[in-house]
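Participant: this one's structure only:
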């Protein structure tokens, strides 16, 4: 049975009521409402900021004088306004990195902004950023390193309770956050010992303070690292992962598994691709010439968001406490390229025909295109294993264009420029009847 539908923006593809009922049975693990909202964010900023910004280190030793932290013109409103203008949905800040320096005046540490000469010890970066994000209308998240190279109790049972209390300070004192970011690094403290982290207590505590949080680590529980810091997810990307028997850090699944997910994974843990706009994660003046161009950032967007994950782009503030001009310019170029690339959906107003294993797009006239965007209705599970795309100007004679594997939340497929009136997406393998939420067609500028 073929059903003709008119495509206007986002649409649901379905057959009869009976077919729809069968198709809308959940298949495998599915996302929670909070995870679905996270998927829709797609792109947001990471900000590494702290003593390392002033010492030219990436991993501080924890013994740095707090007075090295002294931004001369810190302006979180500038951060938030640039993030907003770039189309980022939020900012995740390194509230505490491995050196143990806290960007808020924590009661549980003597290595914080309170001990620095910045603002005469009265400053609070987390408060300033929280207020700026609210003002700009974007969300905020926090990175809290479990590793602490400064705290004297690190490496003892007491430290786990201290870490929980530092999380409580942040998660109960600065408003609502959308994401909590856990690094898997675990090294020595000032006493030369390593900590045995009680991540079960950490997780339970964090969620008791803010139940809506999504927590990131290499094994979730809600979102996963994608096995590299290059911002690139595999073309085959399952939102599913098996975590039994694995631990965060050294005991995590192989990087290739994290990059692809597990075909029959037991838990819905989608991938977040983290990458820095610069060579390093913290600001270093000599790296001003390493800032990625808007075109490079767009390519990373296609290889992260365009492969069903989210893009976490690190943009480190400089020693003034501002996003530097090269970084800001690259972000604006990135936004301009995205706007141009997705400005004209040539499928808008087309007729959509659905068969058991394919979707056909019938345009009113021949159009030029070299990219399509596909979205599965993932609330019912991730279903498509493989698909192929063909098209032409004669509905009886379609020629092959390209093939793909998983779709998930969003799949952006690029191919050589085509001029055609008809296009077909055929599902060659799937776990269950595919449910496509949206399909769009674009002509990206040839420069991309």
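Facilitator: Received, thanks. Keep in mind the model is a prediction, meaning the values are calculated, not measured.

Participant: By mean pLDDT, which helix or strand of the chain comes out lowest?
Facilitator: strand 3-6 (a mean of 33; mean pLDDT, DSSP states H and E).

Participant: per-residue confidence at the most centrally placed residue in the chain?
Facilitator: What sits nearest the mean C-alpha location of the chain, by Cα atoms, centre = their mean, is residue 310, with 2.9 Å. According to the predicted model, the pLDDT of residue 310 comes to 98.

Participant: Leaving out sequence neighbours, find the closest residue to it.
Facilitator: Spatial nearest neighbour of residue 310, excluding adjacent residues (Cβ to Cβ, 6 or more residues apart in numbering): residue 272 at 4.8 Å. No exception for glycine: its C-beta is placed from N, CA and C like everyone else's.

Participant: Surely that neighbour is in a helix?
Facilitator: No. Applying DSSP: H, G, I helix; E, B strand; the rest coil, one finds residue 272 to be strand, outside a helix.

Participant: how about the nearest residue in space to residue 317 that is not next to it in sequence, what does it touch?
Facilitator: Once flanking residues are discounted, residue 317 sits nearest to residue 49: 5.0 Å by Cβ to Cβ, 6+ apart. Applying Cβ atoms under 8 Å, 6 or more residues apart in numbering to residue 49 gives the contacts 93, 94, 103, 125, 282, 283, 316, 317, 321.

Participant: so who does the fifth one touch?
Facilitator: Contact criterion Cβ under 8 Å, 6+ apart gives 48, 49, 50, 52, 53, 57, 58, 316 as the residues in contact with residue 282.

Participant: same thing but 10 Å
Facilitator: Residue 282 is in contact with 47-60, 94, 97, 276, 314, 316-318, counting by Cβ atoms under 10 Å, 6 or more residues apart in numbering.

Participant: Show the buried residues in these.
Facilitator: Among the contacts of residue 282, those classed as buried by 16 or more other Cβ atoms under 10 Å are 47-55, 57, 59-60, 94, 97, 276, 314, 316-318.

Participant: care to break the protein down by domain?
Facilitator: Domain segmentation of the chain under automatic domain parsing yields 3-29+344-442, 33-341.

Participant: So which of those domains is nearest residue 448?
Facilitator: The closest of those to residue 448 is domain 33-341. By Cβ to Cβ, the value is 6.3 Å.

Participant: How far does that closest one sit from its chain's centre?
Facilitator: Computed by Cα atoms, centre = their mean, to the nearest Å, the chain-centroid distance of domain 33-341 equals 11 Å.

Participant: and the gap between the nearest residue to residue 155 once chain neighbours are set aside and residue 148?
Facilitator: Computed as Cβ to Cβ, 6+ apart, the closest residue to residue 155 that is not its neighbour in sequence is residue 193, at 2.8 Å. According to Cβ to Cβ, to the nearest Å, residue 193 stands 11 Å off from residue 148.

Participant: Please enumerate the shared neighbours of these two.
Facilitator: Common neighbours of residue 193 and residue 148 (criterion: Cβ under 10 Å, 6+ apart): 154, 155, 159.

Participant: So residue 216: helix, strand or coil?
Facilitator: Going by three-state DSSP: residue 216 is strand.

Participant: now swap in residue 28 and tell me
Facilitator: Using three-state DSSP, the structure places residue 28 in coil.

Participant: Could you do residue 332 as well?
Facilitator: At residue 332, secondary structure determined by three-state DSSP is helix.

Participant: Would you check that it makes contact with residue 84?
Facilitator: No. Residue 332 sits out of contact with residue 84 when judged by Cβ atoms under 10 Å, with a separation of 11.6 Å.

Participant: Buried residues in the helix or strand where residue 131 lies, which are they?
Facilitator: Per DSSP states H and E: residue 131 is located in helix 125-136. By neighbour count on 16+ other Cβ under 10 Å, the buried set for helix 125-136 is 125, 126, 127, 128, 129, 130, 131, 132, 133, 136.

Participant: Check stretch 427-437 too.
Facilitator: So, applying 16+ other Cβ under 10 Å, buried residues of stretch 427-437: 427, 430, 432, 433, 434, 435, 436, 437.

Participant: In strands, which of the residues you listed appear?
Facilitator: With strands taken from DSSP state E, the overlap with the buried residues of stretch 427-437 comprises 427, 430, 436, 437.

Participant: if you go through the stretch 251-400 of the chain in chain order, where are the strands?
Facilitator: Under the criterion DSSP state E, counting those that start in this stretch, strands of the stretch 251-400 of the chain are mapped to 267-268, 271-276, 310-314, 351-354, 358-376, 384-394, 397-404.

Participant: Any stretches of this protein with poor pLDDT?
Facilitator: The chain contains residues with pLDDT under 70 at 1-23.

Participant: where along it do the helices fall?
Facilitator: 17-23, 33-41, 52-55, 76-85, 125-136, 157-173, 199-209, 255-260, 294-302, 325-341 (DSSP state H).

Participant: Mind listing the residues bridging to the residue nearest to residue 310?
Facilitator: Applying DSSP bridges to residue 272 gives these bridge partners: residue 225, residue 310.

Participant: Now do it against residue 148, distance only.
Facilitator: In this view, residue 272 and residue 148 are 24 Å apart by Cβ to Cβ.

Participant: Who has more neighbours out of these two?
Facilitator: residue 148 (29 against 24; other Cβ atoms under 10 Å).

Participant: I'd assumed residue 112 was in contact with that one.
Facilitator: No. Residue 148 is beyond contact range of residue 112, at 11.9 Å (criterion: Cβ under 10 Å).

Participant: Name the residues contacting each of these two.
Facilitator: Common neighbours of residue 148 and residue 112 (Cβ under 10 Å, 6+ apart) are 96, 100, 101, 102.

Participant: between those, which is nearest residue 221?
Facilitator: Of all the shared contacts of residue 148 and residue 112, residue 96 has the smallest distance to residue 221: 20.7 Å, by Cβ to Cβ.

Participant: Neighbours of that closest one, how many?
Facilitator: Here the number of neighbours of residue 96 (other Cβ under 10 Å) works out to 30.

Participant: Pairing-wise in the sheet, spell out the partners of it.
Facilitator: Beta bridges link residue 96 to residue 102, residue 144, judged by DSSP bridges.
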